[in-house]
Every structure is written in structure tokens, then in C-alpha cells.
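1. Sequence plus predicted model, see below.
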Amino acid sequence: MLNVGQLNEGFVLDHIEAGKSMEIYRYLKLDKLDCCVAIIKNARSNKMGKKDIIKVECPIDMLDLNILGFIDHNITVNIIKDGLIVDKKVLSLPKQLVNIIKCKNPRCITSIEQELDHIFLLTDPEKEVYRCKYCEEKYSGHKKKY
């Protein structure tokens, strides 16, 4: 059995859908951080069958919880201090996304005004639908696209 050492300070992303950890690693730009990162793929899970886990040894404020909530709001975020879990963050779908996804509508103002922020608003939480703030273009497929 694989044994990965405990963290003294940092966070653990648990209950990641099996095989998705590398996309999350890139999406969160963990490669840009100067800290230790451990990725465990296809770990056994009673709840999910198989799952991925990411352990990061750096302060939680380095992590954008909005991006994580958008990617998969079922991921568990455990905050570690002095080797112990001191907090668990519950993720939810963010009400607004800024510069996380881009509007694909060629007539949208964001296509012309390059410096304008790409802002999407959660319009249907049940179906997890986001729409562009400027042109109301529907963003679909975020479950497949990270």
C-alpha cells in the first residue's frame, strides 16, 4: 500500500473524481506555487469506489475556492495545521466567475474589448448553468472542460 507522509501545514483536496487531479492541478496553477504538492490518483474509496487526492503544503489562501467550487463542488477541502485537520471547507457553486471561463460569442463585448473581464453569473443552480454578464451567452460543458 502507498504511504504519503502527513502535512504539517497546508490543505488536502479529497473526493476528487478519479482521473481528474491533473486537470485540477493545472486549473489551480499549482505548478506556479513554490510548495510541495502530492497527487494521489485512483485511491480506494468506500464512498466513490476510486478517487483522487491532492495534498498541498502551503497556506489555504493560495487556493481560489471559487475555481474549485466551479470545477466540482463535491470536493472536500481539509485545512491542516500542526499535522491536524483544523477545518473543512464546504464548496458551493460560485454565484459569479471572473476570468475563469471565456465567452465564446463572437458578438460579445468581451471579444472586442480585450481588457474587459469575462464575468459569468450562475443563472440556474439546479442545472449548473452560467451565463455571460454582458451578452447572456450560456456556458455549457464545464463538467467536461477542466
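-> In hand now; what should we look at?
2. average pLDDT across stretch 126-142?
-> For stretch 126-142, mean pLDDT is 88.
3. what sits up against that stretch?
-> Stretch 126-142 has contacts (Cβ atoms under 8 Å, 6 or more residues apart in numbering) with 70-71, 93, 97, 101, 103-105, 107-110, 116, 118-123, 143. To be clear about C-beta, it is placed using only N, CA and C from the backbone, and glycine gets the same treatment.
4. what sits against the residue nearest the centre of the chain?
-> Nearest to the mean C-alpha position of the chain, by Cα atoms, centre = their mean, lies Leu68 at 2.0 Å. Residues counted as contacts of Leu68 (Cβ under 8 Å, 6+ apart) are Leu13, Ile24, Leu28, Ile75, Val77, Leu91.
5. can you tell me which of those residues lies nearest to Cys58?
-> For those, the closest approach to Cys58 (Cβ to Cβ) belongs to Leu28, at 11.3 Å.
6. From what I see, the closest one and Ile67 are in contact.
-> Yes. Between Leu28 and Ile67 there is a contact at 6.2 Å, judged by Cβ atoms under 8 Å.
7. And the two? Which one has more around it.
-> Neighbours were counted for Leu28 and for Ile67 using other Cβ atoms under 10 Å; Leu28 has more, 21 against 16.
8. ranking the contacts of Leu68 by neighbours, who comes first?
-> That'd be Leu13 among the contacts of Leu68, by other Cβ under 10 Å, with 26 neighbours.
9. partner residues bridging that residue?
-> Ile54, Val77 (DSSP bridges).
10. Run a quick neighbour tally on Ile53.
-> Residues near Ile53, counting by other Cβ under 10 Å: 21.
11. again with Cys35
-> 12.
12. ok, now how distant is it from Ile53?
-> Look at Cys35 and Ile53: by Cβ to Cβ, to the nearest Å, they are 16 Å apart.
13. cool, and Tyr27?
-> 16 Å.
14. got it, and Lys133?
-> In terms of Cβ to Cβ, Lys133 sits 35 Å off from Ile53.
15. and what of Lys41?
-> 8 Å.
16. Name the residues contacting each of those two.
-> Here Lys41 and Ile53 share the contacting residues Ser21, scored by Cβ under 8 Å, 6+ apart.
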